[in-house]
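Asker: With the input below, show me the fold.
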Amino acid sequence: MAGIPSSLRELFYSFSDGNGMSNEPLADTSEQVYISPLALLKILKHGRAGVPMEVMGLMLGEIVDEYTIRIVDVFAMPQSGNSVSVEAVDPVYQTNMLEELKKTGRHEMVVGWYHSHPGFGCWLSGTDVNTQKSFEQLNPRTIGVVVDPIQSVKGKVVIDCFRLINPHILMLGQEPRQTTSNIGYLTKPTLTALVHGLNRNYYSIVINYRKNELEKNMLLNLHKDIWVNPLKLLDFDEQKKNTDETLESIKKLTSLYNKNLSNEMKKTREEILLENIGKIDAKKRIQNCVETLLNDSILTSIVANMFNKKSKAI
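Answerer: The predicted structure is shown next:
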């Protein structure tokens, strides 16, 4: 504080308790952000769809305590940006989307925002810092997540979470965060992030992924099939059994689809959309069953002909 003019020093002390310590509670280095698998898949899918442009969205969840922020779902915003920045948030769209989500049982609040950096790592640009600042004015615990859909591969997601550092704390010579525990491991910062203001203008928060048993089973079954499965020739009785089951499911789905069509004639488009959320889409199920039935029949015929030709040649 010796090199700071007296007028500025008095201003700094007016925001503190007189001994150089701010009255605001400091964030902890053990703070972690838990992202659900559903939210992570949505973020990656949205980011990959927007390549080479940046995309952004809002994250829904809850601030559990001083050490935990839980993200359960996300939704995309109708904004896109160039290679270094993304536009501001549309408040009208945000309000309407939150109202529609509440009708479907999603009552969580907005705990932060996310955007993509396709191909150039995780850090905050000047525009991103201003956007994050507008969020933190509403809630100081708000976070900003950056994901790189280009560098992300299976088993390793290039993602990071940031929050701004109060410039008054740095000018007073204080640490931006306090350390009260050894829980949590910070990832090693990249040189690009350090050049763009990491640990000067903003700091990184640990990201963790918490999965329940249902989510674990879903993710394990995501890529369960192997490439040789379509080349296997099933037994005729087993093939007939699978075909009969598929035809029976098509019959049930057809009756359900006809019932839904009769009900939709009496309702508006918004009522139809709200009622169909979380329910079986009979039309898509019928299309999938028909495609599966045709593919199985064609592949079985091709493989059977190959074996017949081979047996005749022998």
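Asker: which strands and helices sit next to the longest helix belonging to the chain?
Answerer: When the chain is parsed with DSSP state H, its longest helix is helix 282-313. Contacting helix 282-313 under the criterion 3 or more Cβ pairs under 8 Å, 6 or more residues apart in numbering; DSSP states H and E are the following elements: helix 236-264. Heads up, the C-betas are built off the backbone N, CA and C, glycines and all.
Asker: pLDDT below threshold where in the stretch 51-200 of the chain?
Answerer: The model of the stretch 51-200 of the chain has pLDDT under 70 over residues 80-88, 183-186.
Asker: centre of the chain versus stretch 99-115, how much separation?
Answerer: With Cα atoms, centre = their mean, to the nearest Å as the basis, stretch 99-115 stands 13 Å off its chain's centre.
Asker: mind checking the end-to-end distance for that stretch?
Answerer: 22 Å (Cα to Cα, to the nearest Å).
Asker: quick one: buried residues of it?
Answerer: Across stretch 99-115, burial judged by 16 or more other Cβ atoms under 10 Å covers 101, 108, 110-115.
Asker: JSON lines please, covering the residues you listed and showing secondary structure.
Answerer: Output for the buried residues of stretch 99-115, formatted as JSON lines (DSSP: H, G, I helix; E, B strand; the rest coil):
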{"residue": "101", "secondary structure": "helix"}
{"residue": "108", "secondary structure": "coil"}
{"residue": "110", "secondary structure": "strand"}
{"residue": "111", "secondary structure": "strand"}
{"residue": "112", "secondary structure": "strand"}
{"residue": "113", "secondary structure": "strand"}
{"residue": "114", "secondary structure": "strand"}
{"residue": "115", "secondary structure": "strand"}
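Asker: just to revisit the earlier point, quick check: angle from the longest helix of the chain to helix 236-264?
Answerer: Here helix 282-313 runs at an angle of 160 degrees relative to helix 236-264 (axes from the mean of the first three to the mean of the last three Cα atoms, to 10 degrees).
Asker: from the middle of its chain, how far away would helix 282-313 be?
Answerer: 37 Å.
Asker: Same check on stretch 158-176?
Answerer: On the basis of Cα atoms, centre = their mean, stretch 158-176 sits 24 Å off its chain's mean C-alpha point.
Asker: So for it, what gets flagged as buried?
Answerer: For stretch 158-176, the neighbour count (16+ other Cβ under 10 Å) marks 158-166, 169, 172, 174, 176 as buried.
Asker: Tell me which two in those are the farthest apart.
Answerer: 158 and 172 (34.3 Å; Cβ to Cβ).
Asker: can you tell me which of the buried residues of stretch 99-115 lies nearest to residue 303?
Answerer: Checking the buried residues of stretch 99-115 against residue 303 by Cβ to Cβ gives residue 114 as the nearest, at 45.8 Å.
Asker: If you count residues, where's the longest strand of this structure?
Answerer: In terms of residue count, the longest strand belonging to the chain (DSSP state E) is strand 68-81.
Asker: buried residues in that strand?
Answerer: Applying 16+ other Cβ under 10 Å to strand 68-81 flags 69-72, 74-77, 79, 81 as buried.
Asker: tell me what it is packed against?
Answerer: Counting contacts by 3+ Cβ pairs under 8 Å, 6+ apart, strand 68-81 is packed against strand 32-35, helix 37-49, strand 54-63, helix 91-103, strand 109-116.
Asker: Which parts of the chain belong to which domain?
Answerer: By the assignment in automatic domain parsing, the chain contains the domains 25-218, 225-313.
Asker: deepest of those domains, which one?
Answerer: domain 25-218 (a mean of 16; mean count of other Cβ atoms under 10 Å).
Asker: That one: how far from the chain's middle?
Answerer: On Cα atoms, centre = their mean, the centre of domain 25-218 falls 9 Å from that of its chain.
Asker: Please verify my assumption that residue 199 contacts residue 175.
Answerer: No - the criterion here is Cβ atoms under 8 Å, and residue 199 misses it with residue 175 at 10.6 Å.
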